[in-house]
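> Here is a sequence with its predicted model. Questions after.
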Amino acid sequence: VSTTSNYSGLLDVNPQYEKEVGIDREKHLGHTMEENAGPEVAAIVNAKYQRCINVGTLIKEIIELDMPQGKRTYHSFLAPIRDNSGKIYRIMGITRDVTEELKAKQALEASQQRLSKAELVASIGHVEYDYANGISYWSDGAFEIFNTPEALRNPEVPVFMEMVVHNDDSEHVRSALEKA
């Protein structure tokens, strides 16, 4: 969390901000962004502040910055603070480092793509059932095996039952799904 006023410098920062930027809190206060983070980072951050002033309302942005600890990705919320006359005199910001979260999301997506390719190459697939909510999820491999139309790719369980379960087996499969 940080608060700034008319680009005169930071008025306050919390301990997490201090940790993220790598500069002691006392060295931040009263100093401009240029003094605290250098001209490149300051140009990006100050442009965010200016966008907040220009729109006059809350803004949310995701930006990547070169910080002392390396490239980091931040999700920021900036809100203008107004005086009694309605003039913006301060900007309050909340910023969260989402670098590791984004890396984990990218790794998960890459893993899912590799699984999908492996299933297609091996001519296998899998189907997940959520019987309580009446939905199923089909992998690309299962979709290919059953040659399912796109509109029925992730059918509700009753539709799935009609599509792939033989009539003689449907009661047994339905019973097993209910027990699961």
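Ah, there it is.

> and the gap between the closest residue to residue 102 other than its chain neighbours and residue 59?
Of all residues not flanking residue 102 in the chain, residue 73 sits nearest, at 5.5 Å (CB to CB, 6 or more residues apart in numbering). Every residue, glycine included, has its C-beta placed from N, CA and C. Separation of residue 73 from residue 59 (CB to CB, to the nearest Å): 17 Å.

> these two touch, right, the residue nearest to residue 102 and residue 98?
Yes - with contacts counted by CB atoms under 8 Å, residue 73 reaches residue 98, the gap being 5.3 Å.

> quick one: common contacting residues for the two?
residue 62 (CB atoms under 8 Å, 6 or more residues apart in numbering).

> Secondary structure class of the residue nearest the centre of the chain, three-state.
Centroid-nearest residue in the chain, with CA atoms, centre = their mean: residue 102, separated by 6.6 Å. With DSSP: H, G, I helix; E, B strand; the rest coil as the basis, residue 102 sits in helix.

> What are the contacting residues of whichever strand or helix holds the residue nearest to residue 102?
Element membership of residue 73, judged by DSSP states H and E, is strand 70-82. Around strand 70-82, the neighbours that count as contacts under CB under 8 Å, 6+ apart are 20, 48-49, 51-53, 56-65, 88-99, 102.

> rerun that using 7 Å as the cut-off
48-49, 52-53, 56, 58-65, 88-99, 102 (CB atoms under 7 Å, 6 or more residues apart in numbering).

> any weak-confidence spans in this protein?
1-12, 20-23, 25, 27-28, 150-151, 153-155, 157 (pLDDT under 70).

> State the next helix or strand along the chain beyond the helix or strand containing residue 34.
In the assignment (DSSP H and E), residue 34 maps to helix 33-37. Moving toward the C-terminus from helix 33-37, the next helix or strand (DSSP H and E) is helix 39-55.

> What are the buried residues along that following helix?
By neighbour count on 16 or more other CB atoms under 10 Å, the buried set for helix 39-55 is 41, 42, 45, 46, 48, 49, 52.
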